[in-house]
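Student: Fold the following and give me the result.
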Amino acid sequence: MIIRIPALRLTPLILAVALFMEQMDSTVIATALPAIASDIGSDPIALKLALTSYFVALAIFIPASGWIADRFGAVNVFRAAIAVFMLGSLACSLSYSLGSFVSARFLQGIGAAMMSPVGRMLLVRGTPKAELVNAMAWLTIPALMGPVTGPLIGGFLTTYLSWHWIFWINIPVGLIGIVLATKYLQIPEVEAPGRLDFIGFLLSGLACAGLVLGLSIASLPALPPVLGVAMVAVGLVSGALFVRRSLRRPVPLLDLRLLSRPMFRDATIAGFVFRIGLGAMPFLLPLMLQLGFGLTPFQSGAITFVSALGAVVTKFFVARVYGRFGLPRTLGVCALIAGALTAVHGLFTPETPWAAMMAVLLAAGVMRSMFFTGNNAFAFGDIDAPEAGHASALTSVGQQLSIASGVAVAGLILESLQALTGEGLQLVHFHIAFAIVGAISAVAGLLYLRLPSDAGADLAGKAPAH
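Tutor: This is a model prediction of the structure:
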């Protein structure tokens, strides 16, 4: 029996191959961090550089992804992005030191920076408007399933085979994606774009890399602190020059003038603050469960995966909640509760029942998903249709930088506590770290609660899924 999939379903499913690979990879690695650190002779906290380098690569190359796709052909760039991601995955599996692993993750990030944005671009261009919502739903399925299955798959492979397998499985999946894209994707191309703002691209890249990686390096005992300070300084100067250049150019790489729109500015700032806590979670929790509680990677993944399930659950009722209570109040309360639940992670001990931990993780996942769904909608409440592309690029860069900052902040807290106490990594250090990042996330709630209750009233009940 031959199952024939309609063309309008086939395109999003092909694009979803890459999206699933990226989403799953970003979650499986967190579960395997202690095993990777032990194998390559590194400190588990130092591997925060591998996480941050990936997100920094995303922040650097996402702004140029649209121009590159238009210049060299979106389908060609999509296939090349999968190939680069596969090459980075192979390099990760062959890593023998902290430096080689960080470099390999950065290469993966370059591929991921092109896969998702270009994939969504291909979907929009190749799908009739009447079918776009349905096609987006098909594309969203792997985005939801990746984080759910990632911790379980990563924990199983790391515990019963080896951590190398979490990267090797990307190779056959990527090959399937390339073959299907070559055979079935027939997307009309657009006219070649104008010249890329290379200087702006260089300045934004230096700003992103300098600030986030500088903060991560500054506290590493193996490197001189002055190196981290110097990188932060370069990042600050480059960021200032980039802002100046962007405000003067008619078509900048990232249009910072959009931050003058109140709703977009408020959502961007609140989202950035909130995601610091989100970025810290995949780094702190598996380390605490494995190093502090003595669980295996598979046991750790079996606990943490329920957080992603919470995101799936919210899709069935979130619009009704926004319609009943309004966006600012709902977002403010969700952020406060999510911050408090993050801090509650600091109360976990090896004696805490798994069911209790999973209940907290599930509730936190629900609150975070509700916040992100509404925050994403609120951001575009005062953005006109022609500006949507620039706003989306600016939002994407901010998201990656905030998540990378969360990992950097979490690592900095743990390393600082070790230095202050003169002891090795202790369970109490994780408890303090969870309390701090939870408090940071809760600040986003205060930012929303200060807004008028009817702000974004026309969006309530119509928020797009995160």
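Student: Need the pLDDT of residue 289.
Tutor: Looking at residue 289, its pLDDT reads 88.
Student: Would you confirm that it contacts residue 298?
Tutor: No. Assessed by CB atoms under 8 Å, residue 289 is found out of contact with residue 298, at 11.0 Å. For every residue, glycine as well, the C-beta is placed using N, CA and C.
Student: who has more neighbours, the two?
Tutor: Neighbour count, other CB atoms under 10 Å: between residue 289 and residue 298, residue 289 has more, with 26 against 18.
Student: Need the nearest residue in space to that one, chain neighbours excluded.
Tutor: residue 300 (4.2 Å; CB to CB, 6 or more residues apart in numbering).
Student: Around the one you found, how many other residues sit close by?
Tutor: Around residue 300 there are 26 residues (other CB under 10 Å).
Student: In contact with it, which residues?
Tutor: Neighbour list for residue 300: 31, 151, 155, 285-286, 289-290 [criterion: CB atoms under 8 Å, 6 or more residues apart in numbering].
Student: who wins for most neighbours among those residues?
Tutor: Going by other CB under 10 Å, residue 31 tops those with 34 neighbours.
Student: confidence score at that residue?
Tutor: On pLDDT, residue 31 comes in at 81.
Student: now do the one 3 residues further on
Tutor: pLDDT, residue 34: 85.
Student: List the buried residues for the helix or strand containing it?
Tutor: If you go by DSSP states H and E, residue 34 is part of helix 7-40. Judged by neighbour count using 16 or more other CB atoms under 10 Å, the buried positions of helix 7-40 are 8, 11-37, 40.
Student: Show me where the stretch 151-300 of the chain has its helices.
Tutor: Applying DSSP state H, counting those that start in this stretch to the stretch 151-300 of the chain gives helices spanning 165-168, 170-184, 198-218, 225-248, 262-287, 297-304.
Student: Also the stretch 301-450 of the chain?
Tutor: With DSSP H, counting those that start in this stretch as the criterion, the stretch 301-450 of the chain has helices spanning 306-314, 318-325, 327-344, 354-379, 388-421, 427-449.
Student: how about the ones you listed in a markdown table, adding distance to residue 257, mean neighbour count and mean pLDDT?
Tutor: Converted to a markdown table, the helices of the stretch 301-450 of the chain look like this (distance: least, CB to CB, whole Å; neighbours: other CB atoms under 10 Å; pLDDT from 0 to 100):
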| stretch | distance to residue 257 | mean neighbour count | mean pLDDT |
| --- | --- | --- | --- |
| helix 306-314 | 32 | 19 | 75 |
| helix 318-325 | 28 | 17 | 78 |
| helix 327-344 | 24 | 23 | 91 |
| helix 354-379 | 15 | 22 | 85 |
| helix 388-421 | 9 | 21 | 81 |
| helix 427-449 | 21 | 20 | 91 |
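Student: so what's residue 102 up against?
Tutor: So residue 102 contacts 49-50, 53 (CB under 8 Å, 6+ apart).
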